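Student: the sequence and its predicted three-dimensional model are supplied below.
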Amino acid sequence: MCSGVVFDSTVVDATKVISSDFSIRLGSIDYDTPTYTYVDSSGKMYVTGAIKGNADLSGDGDYLDGGESSIGYGNYDGFISVFDASGGYLWSKRLGGVSNDQGLSVVTDASGNVIVTGIVLGNADLSGNGDYLDGGESSVGYGNYDAFITNFNASGEYLWSERLGSTDVDYPYSVTVDATSDNIIIAGTVGGYDADLSGDGDYLDGGEDVSVYTSSDMFISVFSSSTYVWSKRLPDLGNQNGRIVITDSQSNIIVGGDASWDVDFNQDGDVLDDGESGSANVDYFVLSLDSTGNFNWVSRVGGSGACLAESVYVDSSDNVYVTGYVTGSVDFNQDTFLTEDGEDATGYGLKDVFLLSFDINGAYRWSNRLGGSSNDSGYSVTTDSNNNVIVSGYVNGDADLRGDLSITSGYGSNDAFISMFDQSGSFLGKKRFGSSLSDNGKTVFVDPNDNIIVYGKVGGDTDFNQDGDVVDGGESSLNYGLDDLFVAVFTVTNNVAPTLTSFSATQSSDGTGEVSIVSTVDDADDNELSIAYYYEEIDTCGASLPSTTSTISTVSSLNGTAVTSTGSYQVTTVTTTPGANIVTSTWTSAIDVSGANGETYCVYAVVNDGNEDASMTTTTVTLD
């Protein structure tokens, strides 16, 4: 006897599908370091970092293009490589001297000029012409590692350069261009009491000469083309690093970084305001200034250990997004409770990825925590044209990429990842990829078509498009080295959840106890579907799958492959085509039919399309 008194269909987890489009591998036969990528309004991709020795900067596997030969350079050198939207090589430059140098950040201005910042030690070539005769190339009057800014036009022709810094160690971690004024804004860290922040060789401009200093101070320098505009330094007894800078639609300057001890962020002479008091632990901060350097607001958050903000981005509504890593439980919204998403570290590990959003005034919007039981970090965050939020970085071992403690397994010791959320923080999609060694997604950007571009490093052969081989562009490590650079481009498509348009469970009349299950399934995206069946003794089916359900022990299908047991449930694989796909299965009931005495059972069917979209349907069967 069959009683179909309940028919319920629930759609779970509407997602985006993130698919590989193409990839490029760059680097030498040694260790190479990715630092930043930028994508302009035409889709051109700009990457910078550090290379050692002869290095492929074009992705063609040889060392014959601009800046690829290491002759006349040193140990590690900075570089800039430029590609068109289809991955075609345009031009490259090698930068540096005979010591260790590195490109740290890159951006373009309204005229398409390319601005690169980085560090150099000693005399250094900042124009790519092989000599030390251009602006800022001489180290006279400077110190250990110095900051540099260098400019090229859209075709790679050198325009101008400056050297900044002290006699100690300096890092210009980030550069951006304000869309309204076209001003160039640099944020980073300087060491020493005196530091040239204008490129004029003296210490007489804003924030250049300080009386209080420990080991590193955050700085901001602003230029209009090559002309110095203003600078600011936060001198205090603690250490502060400005790691990322960006502007919003009102030309406010937003800096993300980290700090220890007390910091006078608003420079009013005390450390009594919100976010200024600290301890020896490293906290992350987000600081907002207006276009002339006046203080707007600061948010500073710390955990039980070190917390760093690696990246900040602003969407078209001027909402601010931050990612990095946190250690332990963290009060993201500063309400003294740990009730918001991602604040409680329970179920996570040592260092975890965090994703946090503020509004334009610094008010908390939402937060999330990702990762596993080991060390993980978010390195970069961006948004697409719909203000969907994309974060990249690395995870180690089994890890949650959704923010709900659900787990994905990995490839190597560290894997690169992409996680995507809507502007309210709801999960949309994810991608995890890498080699059998250590990998990361250092920077993420979107192009004008909302394709996702990830720049990072891989430690060996990497199947970027996950087709089972490593013969596609940039996948093989042959002719490269230990850690290589990659640019991977991914398309994003909407994924429609599969449907279960009808579902019935009917007991056989022959006394065998068999129950015939007929499911009508469909998937608009033409994915291969898996169907799992469960049951529980209950008169009325619940709205979600209970934890007390039992697995239906035997399932067969007229459409698909043989049934496989995962140890926890039985799966029928259905190769769908557009339109209704009828799946007929048989459940050989483990229930003692002779003693059933009219008991009613709820049967659950869960269909999954492999992209995390699932639909659940229920029906009831009464066994006589």
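Tutor: Cool, got the structure. Residues are numbered from 1 along each chain as shown.
Student: end to end, how far does stretch 463-474 reach?
Tutor: Terminal residues of stretch 463-474 are spaced 9 Å apart (CA to CA, to the nearest Å).
Student: how distant is stretch 66-78 from the center of its chain?
Tutor: A distance of 30 Å separates the centroid of the chain from that of stretch 66-78, by CA atoms, centre = their mean, to the nearest Å.
Student: okay, how far is it across that stretch, tip to tip?
Tutor: In stretch 66-78, first residue to last residue: 13 Å (CA to CA).
Student: repeat that for stretch 26-38.
Tutor: The straight-line separation of the ends of stretch 26-38 (CA to CA) is 16 Å.
Student: show me which helix or strand of the protein is least confident by mean pLDDT.
Tutor: Lowest mean confidence among the helices and strands of the chain (mean pLDDT, DSSP states H and E): strand 564-565, at a mean of 35.
Student: hang on, residue 369 in a strand?
Tutor: Yes: Residue 369 sits within a strand when classified using DSSP: H, G, I helix; E, B strand; the rest coil.
Student: give the bridge partners for it, please.
Tutor: residue 354 (DSSP bridges).
Student: how near is it to residue 304?
Tutor: Residue 369 is 14 Å from residue 304, where distance means CB to CB, to the nearest Å. Using the backbone N, CA and C atoms, a C-beta is placed for each residue, glycine as well.
Student: more crowded one of the two?
Tutor: Set residue 369 next to residue 304 and count neighbours by other CB atoms under 10 Å: residue 369 wins out with 26 against 12.
Student: quick check: that one touching residue 325?
Tutor: No: using CB atoms under 8 Å, residue 369 makes no contact with residue 325, being 10.0 Å away.
Student: who touches both of these two?
Tutor: Common contacts of residue 369 and residue 325 (CB atoms under 8 Å, 6 or more residues apart in numbering): 352, 353, 354.
Student: so the first one makes contact with residue 345?
Tutor: Yes: applying CB under 8 Å as the test, residue 352 and residue 345 come out as touching, 6.8 Å apart.
Student: joint contacts of those two?
Tutor: 326, 369.
Student: the two: which has the busier surroundings?
Tutor: residue 352 (30 against 19).
Student: what's the helix or strand for that one?
Tutor: strand 351-358 (DSSP states H and E).
Student: for that strand, which positions count as buried?
Tutor: Within strand 351-358, the residues that count as buried by 16 or more other CB atoms under 10 Å are 351, 352, 353, 354, 355, 356, 357, 358.
Student: mean confidence score for that strand?
Tutor: On average, the pLDDT along strand 351-358 is 94.
Student: that one packs against which elements?
Tutor: Using 3 or more CB pairs under 8 Å, 6 or more residues apart in numbering; DSSP states H and E, the elements in contact with strand 351-358 are strand 320-327, strand 364-372, strand 377-383, strand 389-395.
Student: can you state the direction angle for it and strand 364-372?
Tutor: Interaxial angle, strand 351-358 versus strand 364-372 (axes from the mean of the first three to the mean of the last three CA atoms, to 10 degrees): 160 degrees.
Student: run through who's touching strand 351-358.
Tutor: 286, 299, 301, 305-307, 319-327, 330, 332, 342, 345, 364-371, 375-378, 381, 389, 391, 393, 395, 403, 419, 421, 425.
Student: could you do stretch 257-277 as well?
Tutor: With CB under 8 Å, 6+ apart, stretch 257-277 has contacts from 187, 214, 218, 234, 236-244, 278-285, 287, 295, 298-300, 306-309.
Student: and the buried ones among these, selectable in ChimeraX?
Tutor: Selection of the buried residues among the contacts of stretch 257-277 in ChimeraX, burial being defined by 16+ other CB under 10 Å:
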select :187,218,234,236,238,239,240,241,242,243,244,278,282,283,284,285,287,295,298,299,300,306,307,308,309
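Student: pLDDT weak spots in the stretch 151-300 of the chain?
Tutor: 211-214, 237 (pLDDT under 70).
Student: correction: the chain
Tutor: 1-14, 211-214, 237, 412, 510-514, 526-528, 548-597, 610-614, 624.
Student: what residue lies at the spatial centre of it?
Tutor: residue 392 (1.3 Å; CA atoms, centre = their mean).
Student: break the protein into its domains for me.
Tutor: Per automatic domain parsing, the domain ranges recorded for the chain read 95-453, 496-623.
Student: select, out of those domains, the one closest to residue 489.
Tutor: When those are compared by CB to CB, domain 95-453 sits nearest residue 489, at 5.4 Å.
Student: chain center to that closest one, what's the gap?
Tutor: Domain 95-453 has its average C-alpha position 14 Å from the chain's average C-alpha position, going by CA atoms, centre = their mean.
Student: which single one of the shared contacts of residue 369 and residue 325 is nearest to residue 28?
Tutor: Nearest to residue 28 among the shared contacts of residue 369 and residue 325 is residue 353, at 29.5 Å by CB to CB.
Student: list the buried residues for stretch 201-209?
Tutor: 203, 205, 206, 207, 208.
Student: what do you get for stretch 16-32?
Tutor: Going by 16+ other CB under 10 Å, stretch 16-32 has these buried residues: 16-18, 20, 22-28, 30-32.
Student: what of stretch 101-113?
Tutor: 101, 102, 103, 104, 105, 106, 107, 108, 109, 113.
Student: thinking again about what came up before, now tabulate the shared contacts of residue 369 and residue 325 in JSON lines and tack on distance to residue 89.
Tutor: Shown next, in JSON lines, are those (distance: CB to CB, whole Å):
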{"residue": "352", "distance to residue 89": "37"}
{"residue": "353", "distance to residue 89": "32"}
{"residue": "354", "distance to residue 89": "36"}
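Student: and which of these is nearest to residue 70?
Tutor: Of those, the one sitting nearest to residue 70 (CB to CB) turns out to be residue 353, at 35.5 Å.
Student: what about the closest one, distance to residue 391?
Tutor: Distance from residue 353 to residue 391, counting by CB to CB: 7 Å.
Student: next: residue 536.
Tutor: For residue 536, the distance to residue 391 equals 38 Å [CB to CB].
Student: which one's more surrounded, these two?
Tutor: residue 391 (29 against 15).
Student: how about that one: which residues does it bridge to?
Tutor: residue 381, residue 419.
Student: I'd like the numbering to begin with 801 instead of 1 from here.
Tutor: All right, first residue 801 from here; so that's residue 1191.
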